[in-house]
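K.L.:
When you get a sec, could you give me coordinates for this:
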Amino acid sequence: MHVAVNQNILEMEYAVRGPIPQRAAELRKEGQTTIPCNIGNPHALGQKPISYYRQVLSLVEDPSLIARERRLRTLAINTEAIAKSDLISDYVIDLAESYLAKMEAGTGAYTESQGPAFIRESVAAFIDRRDGLGGSTIVPSDPDQIFITNGASEGAKYVIDLLLADQRDGIMIPIPQYPLYSAAIKRCGAVQVNYYPDEEDGWTFDRAVLEDAYEKAEQEGVNVKGIVVINPGNPTGAVLDENTVLEVIAFAREKDLVIIADEVYQDNVYGDKFISFAGALGAEPVPLFSLHSMSKGFYGECGHRGGYLEIRNSPRVAGTDLSFTDLIFKQASVNICSNTVGQLLMYLMVNPPTEDCEPYRQFMAEKRSILETLQEKAALIRDAFDQMDGVSCFGRTGAMYLFPRLDKLPAGKTDFDYCIKLLERTGLCTVNGSGFGQKEGTQHLRIAFLPPKEVIEEVMPEWIRFHNEYVNS
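P.N.:
Sure, this is the predicted structure:
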C-alpha cells in the first residue's frame, strides 16, 4: 500500500537525530563504544540530577513516602538508629505537601490546559526577580500570559504554527540555528529567512545584518512576520550583549515583527551576563514570545519535558476580537495539558530552596559544580582545537556547545563526511555544521561538551590524531 503524505513533513530535516546518530546506533549494535555529543542531553552522559528536584519529585509522585519520612525523622531524633543526614529535610517534605495540596488531584490527573495557576504565578514571579530591580520590572509578568509546556519546543511550535498563515509568510532565523526552527517553518510550508551573525566577530550581529536579510526577503515577495533569536546561541554558544538585544527590539518594532526569544540556556553563560528580552523590552509594544526549559541550564532534566512560554504584547488576530493568547490557549486545550511531572519541575526551577533551609547548601554546591565542570570541559576541547590543522572556534563559550570551523577538509569532502569518519574512528558522535545551516563555502561541526571530563581527556588525543591525518592525507 502506498499513501500520499504531507510533502512538507517528508522534506523536514533534524540533524541532531539524523544520519550520524543513526550510524552511531548501528555501531553500538556492532559492539563499538560511542560518545553521544550530538545533542544536549546531560543525564545521558552521566550528569547527576539535582538532589532537591528529585527528592521533591519522589515525594509528590508517591505521597505515601511523606508519612514514612516523617516517622523516620522522629525515630532519628529519638534514637541513634538512623542518621539525620540520611533523611529528606523537613523543608522538602513541607514543600511536597504544599504542592500536593495545591494540585488537589495529584500528578496523575489532567490539569488546566495552560498549566496550574499557582505554577504560572511562580513563573511570573521568577521572571520579575530575574529581570527587575528590587523585585519588580517596568512591566510585570502576567501569569495569564504564561503557558506551561512540554519543553520549550512545544511553545515554539504553538507560535510558529499560528504565525505562518500563507506560503509566502516568513520568519527570520539566525544561521546557524537550532533545526527545530527550520523544521517548524518547513512543516508549515512557509519561508525561512536567514540572517547571518559574523562568525569571526564572535557570532555577533548588528542592525545591518538584519536589514539585509529583511530587504532580500521583501524583494522576493516574502511577508516577514517574525524573528527568532537564540540567546545564548545554539549551536554557536554566543551570548548576546544588551546593545544587540535592544537593536533586535528596535528592528522588530520598526518592521512590525514578533520576536521569538529562545532563552533555554540562560544559566549557561559561564561568567558572562545574560540579558533577557523581557527585561530589555520594558514598555515597548513589540510582541514577544519567550521560551525557557528545564532541559538545559544546570538541571538537564531533558526527559521530563518541562518548559514555559511567556507572551508580552499579544498581537490581535485579524478579522476577529481574539488575541494570539486566545488561539495558543486553543492549541494547548487540544493537547489537554502538558505533562504534570514537567509542570512540577518547572515549579521547582523557579522556586529554588531558600537560603535559610537545610537543602540550600547542597543545591548551590551541585549547581556550582555542574556549571564549573561544563566550563572546564569546554576549555579542554577548545585547547584541543589549537592542535588541529585548520580548525578555528570563534566567540565566547555559552550554552552547551562548540561550533568549530573546519577550514582544511580534503577536496570533495564535506563536514558530513568528516563527522561520519570521526565517529567511526573515535566513537565521537557530533553533528555536521550543514545540519544547522552555515554560510556558503564554510564547513563546521557541533559538539556538546557534556561527556565526563575523563572521557574528554581520553578521546581528545585520538580526535587530534584523526583530524590531522584526515586533512593532510
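K.L.:
Give me the below-cutoff pLDDT ranges for the stretch 1-150 of the chain.
P.N.:
Residues of the stretch 1-150 of the chain meeting the criterion pLDDT under 70: 3, 5, 9-17, 74-86, 133-137.
K.L.:
show me where it has helices.
P.N.:
7-11, 19-29, 51-61, 64-78, 90-103, 117-131 (DSSP state H, counting those that start in this stretch).
K.L.:
Can you check what angle separates the fifth one from helix 117-131?
P.N.:
If you take axes from the mean of the first three to the mean of the last three C-alpha atoms, to 10 degrees, helix 90-103 sits at 130 degrees to helix 117-131.
K.L.:
Same question for helix 90-103: list its buried residues.
P.N.:
Across helix 90-103, burial judged by 16 or more other C-beta atoms under 10 Å covers 91-93, 95-96, 99-100, 103. Every residue, glycine included, has its C-beta placed from N, CA and C.
K.L.:
Please apply the same query to the third one.
P.N.:
For helix 51-61, a neighbour-count test (16+ other C-beta under 10 Å) marks 52-53, 55-57, 59-60 as buried.
K.L.:
can you list contacts of it?
P.N.:
The contact list for helix 51-61, computed with C-beta atoms under 8 Å, 6 or more residues apart in numbering, reads 65-66, 69, 88, 92-93, 95-96, 99-100, 103, 106-107, 299, 301, 341, 344-345, 348, 352-353, 359, 362-363, 366.
K.L.:
Drop anything exposed from the residues you listed.
P.N.:
Here, 16+ other C-beta under 10 Å leaves 65-66, 69, 88, 92-93, 95-96, 99-100, 103, 107, 299, 301, 341, 344-345, 348, 352-353, 359, 363, 366 buried among the contacts of helix 51-61.
K.L.:
which among the buried residues of helix 51-61 gets closest to residue 288?
P.N.:
Residue 288 lies nearest to residue 53 out of the buried residues of helix 51-61, by C-beta to C-beta, at 28.2 Å.
K.L.:
ok, for the most centrally placed residue in the chain, nearest residue in space, not its chain neighbours?
P.N.:
A centroid search over the chain (C-alpha atoms, centre = their mean) returns residue 264, at 3.7 Å, as the residue closest to the centre. The shortest distance from residue 264 to any non-neighbouring residue, by C-beta to C-beta, 6 or more residues apart in numbering, is to residue 293 (4.3 Å).
K.L.:
Give me the pLDDT for the one you found.
P.N.:
Confidence at residue 293, expressed as pLDDT, is 96.
K.L.:
Any idea how many residues pack against it?
P.N.:
Neighbourhood size, residue 293 [other C-beta atoms under 10 Å]: 29.
K.L.:
what's near enough to touch it?
P.N.:
Residue 293 is in contact with 151-152, 264, 306-308, counting by C-beta under 8 Å, 6+ apart.
K.L.:
For it, what are phi and psi?
P.N.:
When read as degrees, to the nearest 10, the backbone of residue 293 gives phi -150, psi 160.
K.L.:
same deal with the one 4 residues further on?
P.N.:
When read as degrees, to the nearest 10, the backbone of residue 297 gives phi 60, psi -140.
K.L.:
tell me which element the spatially closest residue to it that is not a sequence neighbour is part of?
P.N.:
Nearest non-adjacent residue to residue 297, counting by C-beta to C-beta, 6+ apart: residue 267, 3.7 Å away. For residue 267, there is no enclosing helix or strand under DSSP states H and E.
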